[in-house]
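[1] Take this sequence and fold it.
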Amino acid sequence: MSRSEHRRITVAATICAAVVLAGHLAGKAARDAIFLQRFPVTNLPLLLAVSSALSIAVTFLFARRLSRGVPARVVRFANAGSALMFVVEWSLLESFPRPVATIIYMHQMLLGPLLVSGFWSIVSECFDPRTARRVVGTIGTGATIGGLAGAVLAERVAATLGTPALLPVIAGLQLVATWRLGALARVGTAAVAVPDHPKHGELKAVITNLVRVSLLRRLATIAVTMTIAAALLDYVFKASVTREVSPDDLARLFATFHGVVGLLTAIVAWALGRRALRSWGLVRTLATLPGAVIVLGTAALAMPSVVAFVALRGTENVLRNSLYRQSYEVFYTPLLPQERRATKTVIDVGVERFGDVLGGLSVLAILALATDPSQALLVGAITLALLGVIVALHAQRSYVEALERSLHTHATELGNHDAPTRMKRAQRDRGTRPKAAPPGRWRFQRARRSPPDPDPRLGRLDELSSEDPERIRQALAGTPLSQAAVAYAIPLLGRADVADDASRALAEAARGCVGQLIDAVRDPRFIIGVRARLPALIASAGGDLARSGLLECLGDPDFEVRYAAAHALLELREHDPQLHVDHAEVFDGVRRELAVEPARWSALDAPTAIEGNGLSRAAQHLATLLSLALPAEPIKTAFHGLWSEDLAFRGVALEYLDNVLPGDIRDRMWSVLSIEAPAAAKRPVEDVRAELLRSQLRTTPA
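    Numbers count the residues shown, from 1 in each chain. Sure thing, here's the model as predicted:
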């Protein structure tokens, strides 16, 4: 998908968001005004609980349709049906005011959130996680502007034509939304149905996902927690304003309130939305909603007044529809489509309606038991917000786990699930063994590196010193090498004709001469072909001494030695998971690698240096290093995805690395590997993508 296609989808989604939210905000204003004009505010908690309970059943039916059909088609049908219902209710309101007012309230409670959630479900399937993080602020701004327009429209219609006239206006907005959802489906990717699932068990699958996937559990917990808190705050707000405003002015009051909230939401989303996601991260941005409730709720407790209650409820609305909503939607993007379609709707609407049921029952209980209901409701909301902050701050690990799972799924779908295996095989078979050095060089090294202690079997040393491959092989075979023989065998790693035999013999003797091998790999007098083969032999010995020596090799001046040492360390840790590798030392090694000029990496990224698994040696080395401090398989899969032609896979890979790498390493790595251009360079995405694709093989090797 090109940049222009992304832009086209973003524009279509932004327009659609504006229309959907305009109808939703106008519907909320009409719902509250029509009901409170005909009933006292004390009837509101019970109706909230009843309608929310009914909404849970409707939500599961809606989620089932989303998981089994085409989401855009299902949501369009729901918008059209809701519009028809508003027209019928408008025609009957004057004849049956109280029953129809109740039906209107329940209609908006049941379908209003479903239509909004359905729209966001479609949007979440149009973008990968990284792209979603960039564009969700733009779409969210369109939604808040639409909400502002809907509130202004509701206020003007109620002021000039009366509150009932809002119903056909809302119906018209929902019909426009039906049209725009069709346009979004045509340019986006959400018009594709998932494969058929069994006709039974969708509810069981949803519940299983909620129990099994920690990210879904945390999102469901914070959703229900903050919904109960919102129900408590909403009653305090409406009880205070109905005492101050006449029933005939309620529609204008609620429309004005929602209009101001919409304006502030648009400002916050535009000024802070993308910046918050980029600078604060998803978790802290999600925690802004409960954090604000704690701060302003405490202020309202200290100085209770109508202004304080309106400010508290308004701020809760602003943050819920801007920063909280933007981060909340991005959290869903790593999930698989068949899981997201059903489960997201259940959490967005079903779980929130369950929260409304609990909230309504809590309000009724507090009204019956508390001497000062407003104070008790505020204390309850603050307590729930504290729980919301705790849950939000623990969501990062769950989000990373979901990204790891998504990486594995993308790699499997593209046939790359065995990429880590191919990486190991390629590194073993690469043949880092060098060309044979001139004999004089070996004689020089032997002269300079005399054996540390005499070997009684001097004949074996003579054989190892000969130029005859057969005599050398015979000397290497048999009993393990002594320390003196090891000193003679190490230079043989650079001879192509006997290197494999020398390697086998040294591996058998490695446990007793780890220090000797470490000294050799750090000795610049040996040629690089010898030194690059020694780390694997050191790793075969195992133990803390081998680990320490290999960690020191990460600072070697020669790239081939560092490359081999990193791979050997990874092999060592895989064979002994209990072996401790200092993450700080690993990250320091990564920083040293990235401290060089990008031009020095270009030779390693040349097509002749690219391995069969599609990664350059530079990328493989960074992936191996990072695998020492982070989960190995997700890291390797993510690096493989960085050059994938599948942009969704690439987006998940970038998002995963964004979340697990230290900030300085991440930013420098993007620059060195030319994954993304620095912001100051303003390099077009198409140019970066084209350059990456030119310099890499395709994801699936021949």
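[2] Low-confidence stretches in the stretch 101-250 of the chain?
    By pLDDT under 70, the weakly predicted segments of the stretch 101-250 of the chain are 133, 187-206.
[3] make that the chain, sorry
    Low-confidence segments of the chain, defined by pLDDT under 70: 1-4, 67-69, 133, 187-206, 251, 274, 337-342, 413-459, 597-615, 674-702.
[4] and it, what are its domains?
    The chain is divided into the following domains under automatic domain parsing: 3-193+200-393, 428-694.
[5] Pull out the buried residues from the helix or strand encompassing residue 636.
    According to DSSP states H and E, residue 636 maps onto helix 632-642. For helix 632-642, burial by neighbour count (16 or more other C-beta atoms under 10 Å) applies to 632, 634, 635, 636, 637, 638, 639, 640, 641, 642. (Each C-beta comes from the backbone N, C-alpha and C, glycine too.)
[6] do you know which of the domains of the chain lies nearest residue 408?
    Nearest to residue 408 among the domains of the chain is domain 428-694 (6.3 Å), distances taken as C-beta to C-beta.
[7] Check the offset of the closest one from the chain's centre.
    Here the centre of domain 428-694 is set off from its chain's centre by 32 Å, with C-alpha atoms, centre = their mean, to the nearest Å.
[8] Residue 579 and residue 543: what is the separation?
    8 Å (C-beta to C-beta, to the nearest Å).
[9] one step back: could the C-alpha coordinates of the helix holding residue 636 be exported in PDB?
    This file holds the C-alpha atoms of helix 632-642, laid out as PDB (Å, rounded to 0.1, in the frame of the first residue of the first chain):
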ATOM      1  CA  ALA A 632      15.100 -13.900  20.700                       C
ATOM      2  CA  GLU A 633      12.400 -15.200  18.400                       C
ATOM      3  CA  PRO A 634      10.300 -12.000  18.200                       C
ATOM      4  CA  ILE A 635      13.400  -9.900  17.700                       C
ATOM      5  CA  LYS A 636      14.600 -12.000  14.800                       C
ATOM      6  CA  THR A 637      11.100 -12.200  13.300                       C
ATOM      7  CA  ALA A 638      10.800  -8.400  13.700                       C
ATOM      8  CA  PHE A 639      14.100  -7.800  11.900                       C
ATOM      9  CA  HIS A 640      13.000 -10.000   9.100                       C
ATOM     10  CA  GLY A 641       9.800  -8.000   8.900                       C
ATOM     11  CA  LEU A 642      11.600  -4.700   8.500                       C
END
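[10] After it, which helix or strand is next? Please name it.
    Trace forward from helix 632-642 with DSSP H and E and the next one is helix 647-660.
[11] which other helices and strands contact that next one?
    helix 129-161, helix 395-413, helix 632-642, helix 663-673 (3 or more C-beta pairs under 8 Å, 6 or more residues apart in numbering; DSSP states H and E).
[12] can you tell which of those helices is closest to residue 535?
    helix 632-642 (17.4 Å).
[13] circling back: could you look over the domains of the chain and pick the most buried one?
    By mean neighbour count, with neighbours taken as mean count of other C-beta atoms under 10 Å, domain 3-193+200-393 ranks first of the domains of the chain at a mean of 21.
[14] could the domains of the chain be laid out in CSV, adding distance to residue 404?
    Compiled in CSV, the domains of the chain are given as follows (distance: least, C-beta to C-beta, whole Å):
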stretch, distance to residue 404
domain 3-193+200-393, 9
domain 428-694, 4
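[15] Using TSV, please lay out the helices and strands packed on helix 647-660 together with distance to residue 375.
    Shown next, in TSV, are the helices and strands packed on helix 647-660 (distance: least, C-beta to C-beta, whole Å):
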stretch	distance to residue 375
helix 129-161	30
helix 395-413	31
helix 632-642	49
helix 663-673	43
